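Chemist: Model the structure of this input:
(2 chains, ligands or ions: 2)
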Amino acid sequence: MNIIPLVIAEVRNGKMKKASQECFSLAMNLASGSPVTVVIAGSEPEKYVNMFSGASKVYLLNDKNKNGYNPKVYTESISSIIDETKSDVIMMGSTVMGKDLLPRLAVRYRSPIMPDSIMVTKKDNGISIKKAIYASKAFEEYFYFESEHLFISTRVNVFPVKSFEGTPEVISRDLAGDGYHVREFSQSKGATIELTEAMIIISGGRGLKSSENFKIIEDLAQVMGAAVGASRAAVDAGWKPQSYQVGQTGKVVSPQLYIACGISGAIQHLAGMSSSRCIVAINKDPNAPIFKIADYGVVGDLFQVVPAITAEVRKGKE
Amino acid sequence: MVNIIVCIKHVPDTETRIKIKEDKKGIETTGIKYIISPYDEFALEEAIRIKEKHGGTVTAITMGPKRADDILRTALAVGADNAIHILSENGDSINTVMTIGEVIKTLPYDIILTGKEAVDYGMGVFPSGIAEYLGINNINNVTKLDISNRSLVASRQVEGGDEIVEASFPVVISAQKGLNTPRYPALPNIFKAKKREVKILDAKSISVPPFISGGSLVELSLPPPKKGAKMVEGQTPEEIAAKLIKMLKEEAKVL
Ligand SMILES: Cc1cc2nc3c(=O)[nH]c(=O)nc-3n(C[C@H](O)[C@H](O)[C@H](O)COP(=O)(O)OP(=O)(O)OC[C@H]3O[C@@H](n4cnc5c(N)ncnc54)[C@H](O)[C@@H]3O)c2cc1C
Ligand SMILES: Nc1ncnc2c1ncn2[C@@H]1O[C@H](COP(=O)(O)O)[C@@H](O)[C@H]1O
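Modeler: Ligands and ions are numbered 1, 2, ... in the order given. Predicted coordinates for the structure are as follows:
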């Protein structure tokens, strides 16, 4: 491996994914001087070129017919760019698109793939990568040294974004559709900040007792600029849609701060949030398992404690 | 008539405590209870529902060691017509895609259902990987599926909402929670399924294109132990809130 990175950057809902910028910063570090190629996918890709200063080339994938993301078509187009630029380490954020596109490319090149990596380090003659396995109950470290290509996706919120200098060459590519097309996109109601990208998450569980009571959580989330999450018990009760669920059969998140309110801390919930940098648990049961993995704990009634925190944060802002 | 294939994997129960072997190259498997990977339950249920509604056959495939026979019996008990067990101890994702892919190539298929990811290694490589290997489309993270006239409309979860996608057969669909509520097999069917035939293939006898794994396992490790929470106490909720916010700002530096 020569470590000539290619980063697939993704525009979703009119915004460059933070995960793509994190991935690009990592790629620039790994490249240590060799050229870095960026491929921007999504609508109006030309708007985002300046976010990739320091890259040697930026390819824009133009979806002229507005077909939306199409796995086959994207794979075709990006693999020709991989060949053209002789890139060997292909990277992408571990987003919904990343989880779809990168495995296709890996299979096409019959090369190894490490999805959702949480540590990627360049060593003398290869790359060392760490991934959480068994729902974050363990980690696996792999050392790659002899494959012609290597595919890496990075867990969102784990790698820092840095800025680099240098104007890239910009190249345009047109995409064409085939037998698959996105008819429409319906934005989810309520949620404004994407859970997996949020720096702060306030989650509610069965302790909230009803859908209406989620308002308490949403108020705190609003003053903190946080996203709202939920345990499976809260989702299965119909208080919040599935897209809010954190855990083994929900989303895996790594925010700076995760505040669990009325959540007991079942192992399947921990699977989704235990890698958060700082965990606060608010629970009336002093023996709730969540306190074993929390950094800060409050034993108390969430209906009193959470509004008090909201008021305190609001006070601090005035 | 729809030819449906559902791929299911045997994984450690989500409650399992993971212990790492002394050589750090694997986990202790004694005492582990294995289950069908949770998302694969949704895939299996959807396969049966498609067959019930549109007619057709359901073939369940697993690749794994002998013990994985269990989940094929479950698949037969809830209504699968055929079961194929590819015996293998190799867990590599790309190898799995190619091996199962070679077997699928010998079968008729319109829809291939999978889980969105297996909860053992959480790779999520198989669904779009197998689609690439077979040269067909895939729709991942599906929470709703409507089939008519050899094509389908799927609702898939993406960041910030749902995408409604149209695709024609053949296609790979990966199941997200919410797609359906899996049924339990009826007791008599469980007994009947034990006697049904499962086609057994040896992974070694299936030839796949060359593949370089390109690396080696350094080690498995456990997360560093947590100290336990620092408890924030006070006379009133207000006092607790003030202390907590101060700690988050000054000590944890996350605000
Ligand atoms: C295969 C599988 C996959 C799963 N996947 C997930 C997953 O992805 N995500 C997930 O979350 N779960 C998942 N689960 C479910 C998990 O096992 C738990 O059942 C679930 O997490 C419990 O949710 P909870 O903590 O909200 O509810 P409970 O366990 O009922 O806890 C409620 C907590 O609220 C506290 N409480 C009550 N009232 C108050 C109050 N007034 N003030 C403060 N505290 C209060 C209680 O003390 C209690 O600790 C999965 C389970 C299985 C088997
Ligand atoms: N060994 C296997 N046997 C059968 N199906 C599998 C196997 N590995 C993966 N799959 C299918 O692919 C999905 C995603 O798995 P993975 O890519 O390992 O996360 C699983 O939920 C299964 O539906």
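Chemist: Secondary structure element for B:His85, which one?
Modeler: Secondary structure assigned from DSSP states H and E places B:His85 in strand B:82-87.
Chemist: who touches the helix or strand just after that strand?
Modeler: Next helix or strand after strand B:82-87 toward the C-terminus (DSSP H and E): helix B:93-105. Applying C-beta atoms under 8 Å, 6 or more residues apart in numbering or on different chains, the contact partners of helix B:93-105 are A:103, A:106-107, A:110-113, B:5, B:7, B:61, B:63, B:84, B:86, B:88, B:90, B:112, B:121, B:123, B:125-126, B:129-130, B:133-134, B:201, B:203, B:206-209, B:211. The way it works is simple: take the backbone N, C-alpha and C, and place the C-beta from them, glycine included.
Chemist: wait, what's in contact with the most centrally placed residue in chain A?
Modeler: Chain A has A:Val156 as the residue nearest its centroid, 3.1 Å off, counting by C-alpha atoms, centre = their mean. Taking C-beta under 8 Å, 6+ apart, we find A:Val156 in contact with A:18-19, A:22, A:93-95, A:196-197, A:254.
Chemist: I figured B:Ile245 hits B:Val254, correct?
Modeler: No: using C-beta atoms under 8 Å, B:Ile245 makes no contact with B:Val254, being 10.7 Å away.
Chemist: interface residues of the stretch 51-200 of chain B facing ligand 2?
Modeler: B:61-64, B:93, B:96, B:114-115, B:117-118, B:121, B:123-127 (C-beta under 6 Å from any ligand atom).
Chemist: Tell me the buried residues in whichever strand in chain B runs longest?
Modeler: Ranked by residue count under DSSP state E, the longest strand found in chain B is strand B:137-148. Buried positions in strand B:137-148, judged by neighbour count with 16 or more other C-beta atoms under 10 Å in any protein chain shown: B:137-143, B:145, B:147.
Chemist: Check stretch B:66-85 too.
Modeler: B:68-69, B:71-80, B:82-85.
Chemist: same thing with stretch B:205-221?
Modeler: Neighbour-count burial for stretch B:205-221 flags B:206, B:208, B:211, B:213-215, B:220 (criterion: 16+ other C-beta under 10 Å).
Chemist: before we move on, what about stretch A:102-120?
Modeler: Using 16+ other C-beta under 10 Å as the test for burial, stretch A:102-120 gives A:102-118, A:120.
Chemist: Longest strand in chain A, please.
Modeler: When chain A is parsed with DSSP E, its longest strand is strand A:113-123.
Chemist: Show only the entries of the contacts of helix B:93-105 found in helices.
Modeler: Counted as lying in helices by DSSP state H, out of the contacts of helix B:93-105, are A:103, A:106-107, B:126, B:129-130, B:133-134.
Chemist: returning to that earlier point: ok, and which of the buried residues of stretch B:205-221 reach chain A?
Modeler: By C-beta under 8 Å from any C-beta of the partner chain, the members of the buried residues of stretch B:205-221 lying near chain A are B:211, B:213-215, B:220.
Chemist: quick one: the helices in chain A?
Modeler: Under DSSP H, chain A gives helices at A:18-31, A:71-85, A:96-108, A:214-224, A:232-236, A:267-273, A:290-293, A:302-317.
Chemist: what stretches of the stretch 101-250 of chain A score poorly on pLDDT?
Modeler: Across the stretch 101-250 of chain A, the ranges flagged by pLDDT under 70 are A:177, A:179, A:189-192.
Chemist: next one: stretch A:13-20 to chain centre, how far?
Modeler: From the chain centre to the centre of stretch A:13-20 is a distance of 10 Å (C-alpha atoms, centre = their mean, to the nearest Å).
Chemist: Roughly how far does the residue of chain A found nearest chain B sit from ligand 2?
Modeler: Closest residue of chain A to chain B, C-beta to the nearest C-beta: A:Ser147 (2.6 Å). A:Ser147 is 19 Å from ligand 2, where distance means C-beta to the nearest ligand atom, to the nearest Å.
Chemist: was I right about that residue contacting A:Ile113?
Modeler: No: with contacts counted by C-beta under 8 Å, A:Ser147 stays clear of A:Ile113, the gap being 10.0 Å.
Chemist: OK, contacts around residue 154?
Modeler: Picked chain A for this. A:Thr154 neighbours (C-beta under 8 Å, 6+ apart): A:19, A:22-23, A:26, A:91-94, A:116-118, A:120.
Chemist: please go with chain B instead
Modeler: Counting by C-beta under 8 Å, 6+ apart, B:Ala154 touches B:139, B:142, B:144-146, B:164-165, B:167, B:173.
Chemist: what would the residues you listed look like in CSV with pLDDT and distance to ligand 1?
Modeler: Shown next, in CSV, are those (pLDDT from 0 to 100; distance: C-beta to the nearest ligand atom, whole Å):
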residue, pLDDT, distance to ligand 1
B:Ile139, 97, 22
B:Val142, 97, 18
B:Lys144, 97, 19
B:Leu145, 98, 21
B:Asp146, 97, 26
B:Ile164, 95, 25
B:Val165, 94, 24
B:Ala167, 93, 28
B:Ile173, 98, 20
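Chemist: which one of the residues you listed is nearest B:Lys194?
Modeler: Nearest to B:Lys194 among these: B:Ile173, at 29.1 Å, using C-beta to C-beta.
Chemist: Return the residues in contact with A:Lys2.
Modeler: In this structure residue A:2 is Asn, not Lys. Each residue near A:Asn2 by C-beta under 8 Å, 6+ apart is listed here: A:34, A:88.
Chemist: count of neighbours near A:Arg206?
Modeler: Using other C-beta atoms under 10 Å in any protein chain shown, A:Arg206 has 16 other residues around it.
Chemist: do the same with A:Ala266
Modeler: By other C-beta under 10 Å, the burial measure for A:Ala266, its neighbour count, is 18.
Chemist: and it, what are its phi and psi?
Modeler: Dihedral angles of A:Ala266 (phi, psi; degrees, to the nearest 10) stand at phi -60, psi 150.
Chemist: my guess is it meets A:Ala288, correct?
Modeler: No: using C-beta under 8 Å, A:Ala266 is not in contact with A:Ala288; the gap is 10.0 Å.
Chemist: Up against ligand 1, what does the stretch 201-318 of chain A have?
Modeler: The stretch 201-318 of chain A comes close to ligand 1 at residues A:205-207, A:231-234, A:245-250, A:262-264, A:266, A:268-269, A:272, A:282-285, A:288, A:301-303, as judged by C-beta under 6 Å from any ligand atom.
Chemist: check contacts around the residue in chain B that ligand 2 sits nearest to.
Modeler: Using C-beta to the nearest ligand atom, the closest approach of chain B to ligand 2 is made by B:Gly115 at 2.5 Å. Applying C-beta under 8 Å, 6+ apart to B:Gly115 gives the contacts B:7-9, B:37-43, B:127, B:174-175.
Chemist: Can you tell me the closest non-neighbouring residue to it?
Modeler: Setting aside the residues directly before and after it, B:Gly115 is nearest to B:Tyr39 in space (C-beta to C-beta, 6 or more residues apart in numbering or on different chains), at 2.9 Å.
Chemist: same question, A:Ala266
Modeler: A:Pro289 (7.3 Å).
Chemist: What count of nearby residues applies to that neighbour?
Modeler: Neighbour tally, A:Pro289, other C-beta under 10 Å: 17.
Chemist: Quick check: pLDDT value at it.
Modeler: Reading off the confidence values, A:Pro289 has pLDDT 97.
Chemist: Check whether it really touches A:Ile263, as I assumed.
Modeler: No: with contacts counted by C-beta under 8 Å, A:Pro289 stays clear of A:Ile263, the gap being 9.9 Å.
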